[in-house]
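Q: kindly generate the corresponding structure for this input.
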Amino acid sequence: MKAWLDRILGKTPVAVSHIKPQAGELLVNAYATALVLPALDFPHQLVSQRDWHDPALAPHLAGFVQHMLGRGDGQMTMRRYALMRHIERVQQQVSLQVDAAAWPAYLNWAQQANAISFIPNASILDAQGRELMDAAGTETDPAAALPCLPQALARKARTEAVLSALGLRVPSSLPATLAEFELRMREPAEIAARALATLAAAVRAEAVSTDNELSSAHILARLPDAQAALSPQEQDFMQTAQPDDQSVTNMGWRYECVAVFAWALGLQEELLFPESICDVSALSQLFFEAGTVNAVLRQARPVDATELLDALDETFRLHWCVRDAQINQKPVPEGLLPGVVTERHRALNWLVRFENADWDDVDMPT
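A: Model (predicted):
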């Protein structure tokens, strides 16, 4: 199986075998975004299985993305983009032999697991067995659709209703975000360490911009656990005697990320609508008084998955409103502060491990 899959996802051309999923026994590779797989309670022969713990999964998925994007003329389409995003979120890969008689039961399982299927003729199927893309890169079935869990769709509908009531219109074509079933949230200790490091860089940026003599060494002495958690960009910023203006501006806005981390840890009661900047003084006092990860954790009461995902879904759509206004040179909707929305999206995407990116590489596509 591995040689076959490596050949399919590699550079060797693969002949289309015209295997029909409805006929005979089929070798299927399922790519599921579920954190925990539903029971494989249908007739099958398990060939292999791996999850996000396996270090080989991430490079395999990266290869799958490149293979998929390189099919045909290689032009990006909405379906290719959606496929890419699904593959990037995969947390479970299962290879199994499925008989024709068990195919309907397999598809029922695929819907529960939020899985797409890859079969030996190199077709990629949706959770209902419809062809999303054939070996040549043709999007053969217009009815085929990327799977989406009911919780995520319900959250999307709720957010759209809330924003509509506020006079904010977002296109229904924007995808749903994550469901609880898919979430692998950052651990509290990791969030606390990231909050301290982000705060250190933000305070340094404020000191530089206001000609304050507060040094990086002094800041890090007050936040002893921040040093080890600094990202490469933050490390460079803290060590540079005269950082450039753009870096100072970027790091200064990171106070808004710290506010999200404080909320996620339960140190701040609510995440207010992004119409004004956070209370920098109160936020700084909170973390400087704690100083260490352990001290932060003693006060922490982390929010639950539903609260986090509600905030992510709303922020994602608000960020679209901001970018749409900027791209089309229109006024940003009243009540939205672009810098706050952007940094909030950055922090939330990091919290939910979007693209499994490290802090410096977090993306916020809309």
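Q: would you map the strands across the stretch 101-250 of the chain?
A: Secondary structure of the stretch 101-250 of the chain (DSSP state E, counting those that start in this stretch): strands located at 115-118, 124-125, 131-133.
Q: for these, give me TSV that also has mean pLDDT and distance to residue 289.
A: In this view, the C-beta of every residue, glycine as well, is placed from N, C-alpha and C. Output for the strands of the stretch 101-250 of the chain, formatted as TSV (pLDDT from 0 to 100; distance: least, C-beta to C-beta, whole Å):
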stretch	mean pLDDT	distance to residue 289
strand 115-118	98	47
strand 124-125	97	53
strand 131-133	97	53
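Q: ranking those by burial, who's on top?
A: Greatest average neighbour count among those goes to strand 115-118 (a mean of 25), per mean count of other C-beta atoms under 10 Å.
Q: can you pull out the helices in the stretch 51-200 of the chain?
A: Remark: helices assigned in the stretch 51-200 of the chain by DSSP state H, counting those that start in this stretch are 57-69, 78-88, 103-113, 150-165, 188-209.
Q: give the rounded mean pLDDT of the longest one.
A: Taken as a whole, helix 188-209 has an average pLDDT of 98.
Q: pull out the buried positions in it.
A: Using 16 or more other C-beta atoms under 10 Å as the test for burial, helix 188-209 gives 188, 191-208.
Q: which intervals of the stretch 51-200 of the chain have sub-threshold pLDDT?
A: Scanning the stretch 51-200 of the chain for pLDDT under 70 picks out no residues.
Q: any idea how far apart the tips of stretch 65-74 sit?
A: End-to-end distance for stretch 65-74, by C-alpha to C-alpha, to the nearest Å: 12 Å.
Q: how about that stretch: buried residues?
A: Neighbour-count burial for stretch 65-74 [16+ other C-beta under 10 Å]: 65, 67, 68, 69, 71.
Q: show me the contacts for the fourth one.
A: With C-beta atoms under 8 Å, 6 or more residues apart in numbering as the criterion, the residues that contact residue 69 are 76, 80, 84.
Q: quick one on the thing from earlier: nearest to residue 241, of the helices of the stretch 51-200 of the chain?
A: Of all these, helix 188-209 sits nearest to residue 241, with 9.6 Å by C-beta to C-beta.
Q: helices and strands around that closest one, which ones?
A: If you count contacts as 3 or more C-beta pairs under 8 Å, 6 or more residues apart in numbering; DSSP states H and E, helix 188-209 packs onto helix 216-222, helix 226-229, helix 232-239, helix 245-252, helix 255-264, helix 280-290, helix 293-299.
Q: how about residues contacting the third one?
A: The contact list for helix 232-239, computed with C-beta under 8 Å, 6+ apart, reads 197-198, 200-201, 204-205, 216, 219-220, 230, 243, 247, 251, 359-360.
Q: what angle separates that helix from helix 245-252?
A: Relative orientation of helix 232-239 versus helix 245-252 (axes from the mean of the first three to the mean of the last three C-alpha atoms, to 10 degrees): 110 degrees.
Q: what angle do helix 232-239 and helix 188-209 make?
A: If you take the same axes, to 10 degrees, helix 232-239 sits at 40 degrees to helix 188-209.
Q: can you give me the buried ones in helix 232-239?
A: Within helix 232-239, the residues that count as buried by 16+ other C-beta under 10 Å are 233, 234, 235, 237, 238.
Q: report the central residue of the chain.
A: The centre of the chain sits closest to residue 354, judged by C-alpha atoms, centre = their mean, with a distance of 2.0 Å.
Q: that one contacts residue 365, correct?
A: No. The criterion here is C-beta atoms under 8 Å, and residue 354 misses it with residue 365 at 9.0 Å.
Q: give me the distance between residue 231 and residue 163.
A: Residue 231 is 32 Å from residue 163, where distance means C-beta to C-beta, to the nearest Å.
Q: now swap in residue 255 and tell me
A: Using C-beta to C-beta, one gets 25 Å for the distance from residue 255 to residue 163.
Q: those two - which one has more neighbours?
A: Taking neighbours as other C-beta atoms under 10 Å, residue 255 and residue 163 compare with residue 255 leading, 24 against 18.
Q: model confidence for that one, exactly?
A: For residue 255, the predicted pLDDT is 98.
Q: also residue 233?
A: For residue 233, pLDDT reads 98.
Q: what of residue 11?
A: Reported pLDDT for residue 11: 41.
Q: if we can go back for a sec, make JSON lines out of the helices of the stretch 51-200 of the chain and add distance to residue 328.
A: Formatted as JSON lines, these follow (distance: least, C-beta to C-beta, whole Å):
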{"stretch": "helix 57-69", "distance to residue 328": "28"}
{"stretch": "helix 78-88", "distance to residue 328": "20"}
{"stretch": "helix 103-113", "distance to residue 328": "37"}
{"stretch": "helix 150-165", "distance to residue 328": "18"}
{"stretch": "helix 188-209", "distance to residue 328": "31"}
